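Asker: Just to be clear, the model below is a prediction. Sequence and coordinates:
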Amino acid sequence: MIESPVFEKGYPSYEAVNRKPSMKLRYSEAFYSVQGEGKFVGVPSVFLRTFGCNFRCMNFGLPKDKDRWTQHAEGNRYNPEVKALIDAGVHETTKRFEDLPIIHTGCDTYASIYPEFKHFNRLATVDEVVEHLISLLPEGKWTQDNGQDIHLILTGGEPLLAWQRLYVEMFEHPKMADLKNVTIETNTTQLLHEDFKHYLVDGARFRTTFSCSPKLSVSGEPWETAIKPDVAADYYSVSGSSMYFKFVVADMDDVAEVSRAVQFYRDAGVECPVYLMPVGGRSEGYDLTVQEVAKLCMAQGWRFSP
């Protein structure tokens, strides 16, 4: 095996790692598509959606009635639509993850965060995860014969929870050697584990992009737990990486929050592109806000993301 630079900096070889009992990664799905939002819209990508999140984002799409928001967010575990689905037994009667209903409100990846849907997940070793990812690639490799590369997207849920400890092993798998671009889609609340950050700085053969989507009050998450400038600065400090913010907005109140959040991040030394994305779990809600959000981006000099 040709050893990569990371092995020269004190990391064990892939073979050495795999002589130990391998931990397992829990993920909801992996699929091949084109990136639909943010900096790399339109780029062919494999998405690995990990299970679990520290947020619930229950208020996305609900009318901005503070009493109603409080009723839903405080003391409740579920978005109203998700609760209705669980009460109806959808998690028990649906056979495949991809057949679960799409919802109008709350987190659009609800089946990746609520334990009732855990049985749809795969619990797999790194070898098994890599084999699944490779099986999705049209030529069975990350860099095509024509020289074009396919990106890997780590998404969730929140991919920077406990799964960080498995990523170095996954990226150092021999079948990942030609991987050139990785995007980490994160809510920007989880600091990088020391070993993973060290790897991204000193050992990674690919380019890392942090797609940071901090949650505004429209999500139902409190500002003090959702806006973490120190975490953004942690990602920003990874040399050789790139980073951008992507905020989901519905109206001018949300845009004002974006301005406030961006200033918080700038005060922490983080300067990077800002994208706005219209709220909407389904097309009918999205279509109501898409043109207005595009106009707001033009007025502010921010970037628009579908």
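Answerer: Sure, I can see it.

Asker: first to last residue in stretch 237-248, what's the distance?
Answerer: Length of stretch 237-248, first residue to last, C-alpha to C-alpha, to the nearest Å: 25 Å.

Asker: what do you get for stretch 32-40?
Answerer: Terminal-residue distance, stretch 32-40 (C-alpha to C-alpha): 14 Å.

Asker: go on, stretch 133-141?
Answerer: With C-alpha to C-alpha as the measure, stretch 133-141 spans 9 Å from end to end.

Asker: Also stretch 86-99?
Answerer: So stretch 86-99: terminal residues 15 Å apart, C-alpha to C-alpha.

Asker: Please enumerate residues in contact with it?
Answerer: 28-29, 78, 85, 100-101, 111, 114, 116-117, 119-121 (C-beta atoms under 8 Å, 6 or more residues apart in numbering). C-beta coordinates here come from the backbone N, C-alpha and C atoms, glycine included.

Asker: try stretch 185-193
Answerer: Against stretch 185-193 from outside (C-beta under 8 Å, 6+ apart): 38, 53-55, 153-156, 158-161, 164-165, 200, 210-215, 225-226, 228, 230-232, 234-235, 238, 245.

Asker: Go through it and flag the buried ones.
Answerer: E185, T186, N187, T188, T189, Q190, L192, H193 (16 or more other C-beta atoms under 10 Å).

Asker: What is the burial count for the closest residue to V43 other than its chain neighbours?
Answerer: Among residues not flanking V43 along the chain, Q35 sits closest, at 4.8 Å (C-beta to C-beta, 6 or more residues apart in numbering). Q35 has 18 neighbouring residues, counting by other C-beta atoms under 10 Å.

Asker: Residue ranges in this protein under the pLDDT threshold?
Answerer: For the chain, applying pLDDT under 70 flags the ranges 1-22, 61-75, 280-288.

Asker: what about R26, helix or strand, and which?
Answerer: strand 24-34 (DSSP states H and E).

Asker: for that strand, packing partners?
Answerer: strand 44-50, strand 122-125, helix 126-136 (3 or more C-beta pairs under 8 Å, 6 or more residues apart in numbering; DSSP states H and E).

Asker: how far out from the middle of the chain is it?
Answerer: Centroid displacement of strand 24-34 relative to its chain, using C-alpha atoms, centre = their mean, to the nearest Å, is 11 Å.

Asker: strand partners of that strand, parallel vs antiparallel please.
Answerer: strand 44-50 (antiparallel), strand 122-125 (antiparallel) (DSSP bridges).

Asker: Among those strands, show me which one is buried the most.
Answerer: Mean neighbour count, computed with mean count of other C-beta atoms under 10 Å, is highest for strand 44-50 among those, reaching a mean of 21.

Asker: okay, that one in PDB with CA atoms only?
Answerer: Extracted in PDB, the C-alpha atoms of strand 44-50 (Å, rounded to 0.1, in the frame of the first residue of the first chain):
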ATOM      1  CA  PRO A  44     -22.700  14.900  -8.800                       C
ATOM      2  CA  SER A  45     -22.300  13.800  -5.200                       C
ATOM      3  CA  VAL A  46     -22.700  10.800  -2.900                       C
ATOM      4  CA  PHE A  47     -24.600  11.700   0.300                       C
ATOM      5  CA  LEU A  48     -24.000   9.900   3.500                       C
ATOM      6  CA  ARG A  49     -26.700  10.800   6.000                       C
ATOM      7  CA  THR A  50     -25.700  10.000   9.600                       C
END
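
Asker: mind checking which of the strands paired with strand 24-34 is nearest G140?
Answerer: Nearest to G140 among these is strand 44-50 (11.8 Å), distances taken as C-beta to C-beta.

Asker: And for that closest one, what's in contact with it?
Answerer: Outside of strand 44-50, the residues within contact range by C-beta under 8 Å, 6+ apart are 25-35, 109, 112, 129, 133, 136-137, 148, 150-159, 161, 163, 183.

Asker: Out of the residues you listed, which end up buried?
Answerer: Looks like the contacts of strand 44-50 have 25-30, 35, 109, 112, 129, 133, 137, 150-159, 161, 163, 183 buried, using 16+ other C-beta under 10 Å.

Asker: circling back: could you give the angle of the strand holding R26 to helix 126-136?
Answerer: 10 degrees (axes from the mean of the first three to the mean of the last three C-alpha atoms, to 10 degrees).

Asker: just how off-centre is the helix or strand containing I86 within its chain?
Answerer: Assigned by DSSP H and E, I86 belongs to helix 80-87. What separates the centre of helix 80-87 from the centre of its chain is 24 Å, taken as C-alpha atoms, centre = their mean.

Asker: Quick check: buried residues in it?
Answerer: P80, E81, V82, K83, L85, I86.

Asker: Now do stretch 107-124: distance from first to last residue.
Answerer: Per C-alpha to C-alpha, stretch 107-124 runs 25 Å from first to last residue.

Asker: contacting residues around it?
Answerer: 24-28, 49-53, 55-58, 60, 77-79, 82, 86, 91, 96-97, 100, 102-103, 128, 132, 155-157, 281.
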